[in-house]
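1. here's a sequence, model it:
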Amino acid sequence: LWTANDDDLIALAKKELAQIGLATEDEVKDGCVVRQKKAYPVYDDGYKTNVETIRSELAMDFPTLHLVGRNGMHKYNNQDHAMMTSMLTVKNIIAGEMVYDIWNVNEDAEYHEDGNSGVEEALKSVRMVPERVKKAG
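-> Next up is the predicted model:
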């Protein structure tokens, strides 16, 4: 994929969207490819503020862009939480509105991965699903 040209990658994305039933190829109006090797945030004191700034700007300027998973959200989640953000985003897309705030997935989870200690506590958060977003007004 890294060596494919942009037009081929966009055509592949359109084809796969049609294959899984999210959109027909004709419904995709435009596409672009951004190649960024080893992009991952620096977890410093300003990390959360920086991610929130990017998140807010993208939400305002590109409301149909959905950031999911570890790299999309720049969150070091466990793999199941990263996948959960995708599943909940699909539900949001189908609903046509933000029903679930995916940024809350695993927000407060604690993990203890040193042997068996804390296994029970860690398993409690494995399927943590955010609550529905409350409508304003």
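2. list the buried residues in the helix or strand where Ile94 lies.
-> Assigning secondary structure by DSSP states H and E places Ile94 in helix 79-95. Across helix 79-95, burial judged by 16 or more other CB atoms under 10 Å covers 81-82, 84-85, 88-89, 92. Every residue, glycine included, has its C-beta placed from N, CA and C.
3. closest one of the residues you listed to Asp6?
-> Thr89 (24.2 Å; CB to CB).
4. for the closest one, give me the pLDDT.
-> For Thr89, the model assigns a pLDDT of 92.
5. ok, now Val133?
-> Looking at Val133, the pLDDT reads 71.
6. for the one 3 residues further on, same thing?
-> pLDDT recorded at Ala136 is 75.
7. now it: how far from Lys75?
-> 26 Å (CB to CB, to the nearest Å).
8. which one's more surrounded, these two?
-> Lys75 (20 against 4; other CB atoms under 10 Å).
9. so where's this protein uncertain?
-> By pLDDT under 70, the weakly predicted segments of the chain are 38-41, 107-132, 137.
10. what domains does the record give for it?
-> Domain assignment for the chain by automatic domain parsing gives 1-35, 38-137.
11. what ranges do the strands span in this protein?
-> Counting by DSSP state E, the chain forms no strands at all.
12. what ranges do the helices span in it?
-> Using DSSP state H, the helices assigned to the chain run over residues 6-19, 47-61, 69-73, 79-95, 119-124.
13. most tightly surrounded among the domains of the chain?
-> domain 38-137 (a mean of 13; mean count of other CB atoms under 10 Å).
14. thinking again about what came up before, of all the helices of the chain, which one is nearest Val34?
-> Val34 sits nearest to helix 6-19 of all these, at 9.7 Å, using CB to CB.
15. counting by contacts, list what the helix holding Ile94 packs against.
-> Using 3 or more CB pairs under 8 Å, 6 or more residues apart in numbering; DSSP states H and E, the elements in contact with helix 79-95 are helix 69-73.
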